[in-house]
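S.K.: Give me a 3D structure for the following:
(3 chains)
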Amino acid sequence: MNRRAFVVSASLAAAGAALGRPGRAQAAKTLRLFTPEADPAQIKMWNAIFEDYTAKQNKDVVIKGEFAKWDDITKKLAADIAAGKPPEIVAGSSKPDFVALEVKRGLIVDLAPVVDALGRSDFNAAALKIWQYRGVQMAIPYGSQWPVLWYRKDLFAAKGLKPPVTWDDYRAAAEKLTDSSKGTYGAVFSAGRTWNTHLMALIHIWSAGAMLFDEKLNVVFDSPETRRALTYYAEMATRFSPPDVGQYGFREASAAFTSGKSATTFYWGRVLAHLYAQAPQLVPESATIHIPRDKQFRTTLHFDEFYVHKTPSTTEALDVVKFMLQPEQVVRLLTPVVGHVVPTQKSVEPVYSRHEWIKNNPDIVKTLLTPTDYAVAPTLESPKHPFNYKYEVVEARNILTDCVQKIVLGKEPVAKAVEWAHKQMVEATKDIKD
Amino acid sequence: MVARLRTYPLALLVLIAVGFPLYWMLVTSLKPQTEIFVVPPSWVPRTWTSVHYRELFALTDFLQLFVNSLKVCLMSTGISLAVGTLGAYALARCRVRGRELYGRSVLVAYMFPGALLIIPLVLLFSRLGLTDSHQGLALAYITFALPFVMWVLRGFFRSVSVEFEEAAMLDGCSRLGALWHVVLPQALPGILATGIFAFLFAWNEYLFALILISDESLRTLPPGMMRFLSATDVNWGLMMAASVLVTLPMAIVFGLVQRYLVTGIGAGGLKG
Amino acid sequence: MTAALGRLRDRHLGAILLLPSAVLFLGLLAFPLGYGIYTSFFELHLLERTGPFVGLRNYVWLLTNGEFWSALWLSVVWAGGTVGLQIALGTAVALLLHQRFAGRTLARGLVLFPYMMPIVAVVLVWMLLYNALYGVVNYLLLKAGLVSQPIAWLSQPGSALWSVILVGVWKYFPFVVVVVLARLQVIPQELYEVARIDGAGAWARFVEITLPQIKDVLLVVALLRTIWMFNNFEVVFLLTGGGPLRGTMTLPILVYEQAFALYEVGKGSAIAVVMFVLLVGVMTLYFRLFSSEQ
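M.R.: Numbers count the residues shown, from 1 in each chain, chains lettered A, B, ... in the order given. The predicted structure follows:
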């Protein structure tokens, strides 16, 4: 190519690229739906539902999906809010504490009218209550979920083990199932600087009888029960979990089980979808039970929900949410991750439980889909607690996670790490008002 | 120097150390998910599959990311080459006041940390409405592409013999004419090589692309690919397929212009 | 007369040719640099428009903050470790590739690959290789009997920094190879002939002939690579995020954490300014050593 052609084509490339911004269709309004529910199969499903809405409900509205990572949600939302462009709809954030912050700043649309329009009696009242703050229905949950213990029936049977019920059972079983020279492990106690670690540690602290906050919302983290729980947690993480557990979050906790490296893991029902996709031969060998207890069974309760920001497109957004909460759409939302979520609407249950995965795998879905009273939402640590608006900052600053890391990776004495974390929590929450 | 017998095993060792990760990347992208987790690892896939490549395009926005990256990198490289070539020529040939200072500034600018620039750039760009735009990101890339281009090309132009230019000018050519007819043709390999490197740096850039763009439909490849590392699933096959495809353009381009590179950077870029 | 005209036009022409780049330099580099320094004297939240002036408080904060000194130390170890190994490995490989053997061109081309591979691809492949459950590195070490248990390369505080350094060396050493190889190719062969006739062995030939010839180039490369490795954000951040337990938290990652995770823009700017000052120091050293650059 001669020089002239080179220069000309280079300039054209630069100019063309600079000018070639895609134009926006003037007639249609674009709504953004922000969600971390973004397994590839789910992304496909969301896009299909978005297309259906535009085709069948409202040709003038186009919905664009924004798919985020779990550990980035609050950061991205905060950045969007600060830029004055919050996404019109948020789905599946599972963070009532963060949404409460947004309610305080007047950013959220009250969805109580939508609940009434859809039929309040169809919804699980307790689930709705968790998403009420300052008299506002800040979000409508369409599914609830909690983590359980996944275990391999075949590996347990081979060692003559019964599924563990208490911490002692679990410790004994994990020891028999761990053989690091073969690269197989008995447990997965996440210790990465991730949300997963935070939740798993919290479950164990609750199980020992302790809490983060008391009913007056004072920090009560440092207690003998907490120390006991974290000592157990660290032991299980160090002795019977994979060696890189110090980096584990949701992704790795599931992969350790689906890759066959670990005989057990703590996770939600999403593992079923992963097993079907990556290791279908393990589906008949897998089962779930409640996470082993110390004094009491405990697990965390979270939700997939819709909430709506106050924007110029609020009316359109509310219509989209109403559409999404029709049983037909809810089933579509839940189908890529069957078993992961319990529908909050009575009208959805019958269709949902007819799904093949549910019918074929009773051992797996029973624990996942039968509601229990020991699934606890972190913002309401007991029925006597008020909505805990201080919990958000503890989660955001990774205080509990850092505490676990100090013990597991830094080999710090449990008492020292717990004292440090307690001080951090007090410091972080001291100026927060309702 | 003719090789000794020991050269071959050493060369092989080096090639394995350099090439194995590339091989592993390629091979993992062609294995089914179940085989990726297997220990001992299968050095050659027992089952070959293209599912990861298909899923990459069917289930992710890889194509959009690729196009976005291409757009931004072409823009920043194009502008940097155009502006930088002229500036480098001036530095090499014209007796401009402050030439030395300018030359030094180019070098200093080339060594700015990204971490240093990102904060003021994001603050300024958000005020100017340049965030969430490909033009804005291209401008940000010019901060390292332009100094690089000028620094390398200044050396090239110096290495082009002055006599040819002066001969052309004696023949009645203007300075610019000499640049066009005499200097550019000789420096073209160097310009091409420099442009390719500038494109490469922009193609691979992560931090600016992460911070200056938050609209996922405008996202470029590096942060977009890291986003594939979904929080709830480990899909190494998919990740490796994406890695192969993101490396491929540079591999092809490098293969084609490899000859120029060693001479180009060695001679022009780092004289003295 | 013509000559004077030529010179005059020359200076003006030069100014005109330099104008576009000067504008871009001022707008995109000089001004943001100044603005960054300016910001370091304020307490500014990333998502707010303005913040209070606090003078030198951010600098006092970082000088008295253990995290800053720890990050500085880690940056020094990271830069020194990667550059030292890049130079050693790069020179050795350059010497190897300087010899004539079959497939040399192919080898030279292949050696460049890590350098031009996008950093995300490099990071992803190495994460897979380092994986404690099914990674190749652990498998080979276990098979060779060098370890009895798989090692969590990136998630144990002890091994994380060196695992990251290894990746940094792998990715960037080809730059050294290219530069040294180019320099090797202009060393007159006669020097080696004479030395061989004099009975000098391979090592002696390297130390007495090659090394003095490439010394200048090595120094330049060492300085450049030190600056670039010191500034490097992606390799460490994408592999470990600064963890575990802040064990790989280099200065660029600290800046990122302050500004974009904790929203403390003023403090982030202050750290970045300190980084810049350190780099200017290194650059001054470079110019001192090569003031003969014309």
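S.K.: make it CA atoms for all contacts and neighbour counts henceforth
M.R.: Will do.
S.K.: For the residue nearest to A:P378 when sequence neighbours are not counted, list the residues it contacts.
M.R.: Closest residue in space to A:P378, ignoring its immediate chain neighbours: A:T300 at 6.8 Å, by CA to CA, 6 or more residues apart in numbering or on different chains. Counting by CA atoms under 8 Å, 6 or more residues apart in numbering or on different chains, A:T300 touches A:W146, A:P147, A:L199, A:I203, A:A375, A:V376, A:A377, A:P378.
S.K.: Show me what counts as buried in whichever strand or helix holds the third one.
M.R.: Meaning A:L199. Per DSSP states H and E, A:L199 falls inside helix A:195-207. For helix A:195-207, the neighbour count (16 or more other CA atoms under 10 Å in any protein chain shown) marks A:195-207 as buried.
S.K.: Repeat that for stretch A:136-153.
M.R.: Buried positions in stretch A:136-153, judged by neighbour count with 16+ other CA under 10 Å: A:137-153.
S.K.: repeat for stretch A:410-421
M.R.: Neighbour counts over stretch A:410-421 (16+ other CA under 10 Å) mark A:G410, A:V414, A:A415, A:A417, A:V418, A:E419, A:W420, A:A421 as buried.
S.K.: Over to stretch B:105-118?
M.R.: In stretch B:105-118, counting by 16+ other CA under 10 Å, buried: B:105-107, B:109-118.
S.K.: quick one: which of those residues sit in strands?
M.R.: Cross-referencing the buried residues of stretch B:105-118 against strands under DSSP state E gives no overlap.
S.K.: Name the next helix or strand following the helix-or-strand element of chain A with minimal mean pLDDT along the chain.
M.R.: Ranked by mean pLDDT, DSSP states H and E, the weakest helix or strand in chain A is helix A:3-19, scoring a mean of 51. Sequence-wise, the next helix or strand downstream of helix A:3-19 (DSSP H and E) is strand A:29-35.
S.K.: That next one near chain B at all?
M.R.: No: applying CA under 8 Å from any CA of the partner chain, one finds strand A:29-35 separated from chain B by no less than 10.4 Å.
S.K.: Show me what that strand is packed against.
M.R.: strand A:61-67, strand A:89-91 (3 or more CA pairs under 8 Å, 6 or more residues apart in numbering or on different chains; DSSP states H and E).
S.K.: what sits against A:V148?
M.R.: Counting by CA under 8 Å, 6+ apart, A:V148 has contacts A:F266, A:Y267, A:W268, A:G269, A:T288, A:I289, A:H290, A:I291, A:T299, A:T367, A:L368.
S.K.: tell me which of the residues you listed is nearest to chain C?
M.R.: The closest of the contacts of A:V148 to chain C turns out to be A:F266 (CA to the nearest CA; 17.7 Å).
S.K.: residue contacts, that closest one?
M.R.: When contacts are counted by CA under 8 Å, 6+ apart, A:F266 is found next to A:P147, A:V148, A:L149, A:W150, A:V188, A:F189, A:M200, A:A253, A:I291.
S.K.: Let's have those residues in TSV, adding pLDDT.
M.R.: Shown next, in TSV, are these (pLDDT from 0 to 100):
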residue	pLDDT
A:P147	96
A:V148	96
A:L149	97
A:W150	97
A:V188	97
A:F189	97
A:M200	97
A:A253	94
A:I291	96
